[in-house]
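Visitor: show me how the following folds:
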Amino acid sequence: GRIVTAHVRLTLDGPAGGIVDIGYAEHLVDGQFNIAVDGAAIADRYLMKEGPQVFETFTWKAFRYLKLRFRSCARPVTVRGVHAVVSTYPYKERGAFRSDDATLNGVFAICRATVRLCSNDFLMDTPWREKGQWLGDVSLVTLPAIHACFGDTALPRKFLLQAGQHQFPTGLLANVSNFNSMARWRTWTKAIPDYSLWWIGALLEQYLYTGDEDLLHRLYPQALRILDTHLDYLNDRMLIENMPYWVLIDWADVEKSGICTTY
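Guide: Residues are numbered from 1 along each chain as shown. Prediction:
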């Protein structure tokens, strides 16, 4: 009834050479399991040995529905157990919200569950498709939510440091800071200037929430370089004009030349 981030553990009794394909899905399509949706056809395959055995996937997946398909089995397979071994960041329940409005209470519960799903040994925009620690998503949305829902400071601090260590010679920060597989989004030409500015805002929020002066001093040089990058594009009215790179307003199709409302 809910999405989990978990390793799958199978306890089987089967034949050598038998194949188990494991598919994952967050939702059903017209009541049917369809792995090729949401831009992430994620699956695992296990080759069985003879007799009783236990297999656990090497990495966790995000899923609500699980599909097992057995192939090339010379004899029947006995499935003794299918378990989801949950993997998530160990938040403590320090934050809460209660009101007389059941709808608002439900919204808060959904938001808190979503933040938990997007938290592991790093923060991510989604645990399903990318597992990407996107600079803007985390700075603007996730960090304040973590403070409000869980009162945690360690994982936000790790994000701020990790993102700050991915600074291009241009002064802007990389869009993603937890893996290299999305190379086309990590180049300096694809950097999103407003995301770097949001990171500065997140650094301020973390300081106001924790009083962590050490973090502020460590990342102050990166913040200055980000601001310096924007100085070359200030016009006479002190507005940013004709900023290059990737101007993103949450995928909205708006005019991005001249004096852009993003800045």
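Visitor: in the stretch 51-200 of the chain, where is pLDDT below threshold?
Guide: Low-confidence segments of the stretch 51-200 of the chain, defined by pLDDT under 70, span residues 180-186.
Visitor: that one: strands as residue ranges?
Guide: Using DSSP state E, counting those that start in this stretch, the strands of the stretch 51-200 of the chain run over 51-56, 61-63, 65-71, 78-86.
Visitor: and the longest strand for the chain?
Guide: In the chain, with assignment by DSSP state E, the single longest strand is strand 4-14.
Visitor: ok, residues contacting that one?
Guide: Outside of strand 4-14, the residues within contact range by C-beta atoms under 8 Å, 6 or more residues apart in numbering are 20, 22, 44, 46, 48, 50-64, 66, 68, 73, 75, 77-88, 117, 120, 127. For glycine as for every other residue, the C-beta is placed from the backbone atoms N, C-alpha and C.
Visitor: which of those residues are buried?
Guide: Burial by neighbour count, judged by 16 or more other C-beta atoms under 10 Å, picks out 20, 22, 44, 46, 48, 55, 57, 60-63, 66, 77, 88, 117, 120, 127 from the contacts of strand 4-14.
Visitor: what residues are up against the closest residue to Tyr24 other than its chain neighbours?
Guide: Counting by C-beta to C-beta, 6 or more residues apart in numbering, Tyr24 lies nearest to Phe63, which is 3.8 Å off, once chain neighbours are set aside. Neighbouring residues of Phe63 by C-beta under 8 Å, 6+ apart: 3-4, 6, 24-26, 128.
Visitor: now the strands of the stretch 51-200 of the chain as CSV including distance to Gln162?
Guide: Listed next are these as CSV, based on distance: least, C-beta to C-beta, whole Å:
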stretch, distance to Gln162
strand 51-56, 28
strand 61-63, 21
strand 65-71, 31
strand 78-86, 24
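Visitor: nearest to Gln165, of those strands?
Guide: For the strands of the stretch 51-200 of the chain, proximity to Gln165 was assessed by C-beta to C-beta; strand 61-63 is nearest, at 26.4 Å.
Visitor: strand partners (parallel or antiparallel) of the closest one?
Guide: With DSSP bridges as the criterion, the sheet partners recorded for strand 61-63 are strand 4-14 (antiparallel).
Visitor: next SSE downstream of the strand it pairs with?
Guide: Using DSSP states H and E, the next helix or strand after strand 4-14 towards the C-terminus is strand 19-25.
Visitor: got a list of contacts for the next helix or strand after that following strand?
Guide: Where DSSP H and E defines the elements, the next helix or strand beyond strand 19-25 is strand 43-47. Contacts of strand 43-47 with the rest of the structure, by C-beta under 8 Å, 6+ apart, involve 8, 10, 17-24, 35, 55, 57, 61.
Visitor: would you mind writing the CA trace of strand 43-47 as CSV?
Guide: Backbone C-alpha positions of strand 43-47 (Å, rounded to 0.1, in the frame of the first residue of the first chain) are rendered in CSV as follows:
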residue,chain,number,x,y,z
ALA,A,43,15.0,-4.7,-13.0
ASP,A,44,17.3,-7.4,-11.5
ARG,A,45,18.0,-11.0,-12.6
TYR,A,46,19.1,-13.9,-10.5
LEU,A,47,20.5,-17.2,-11.7
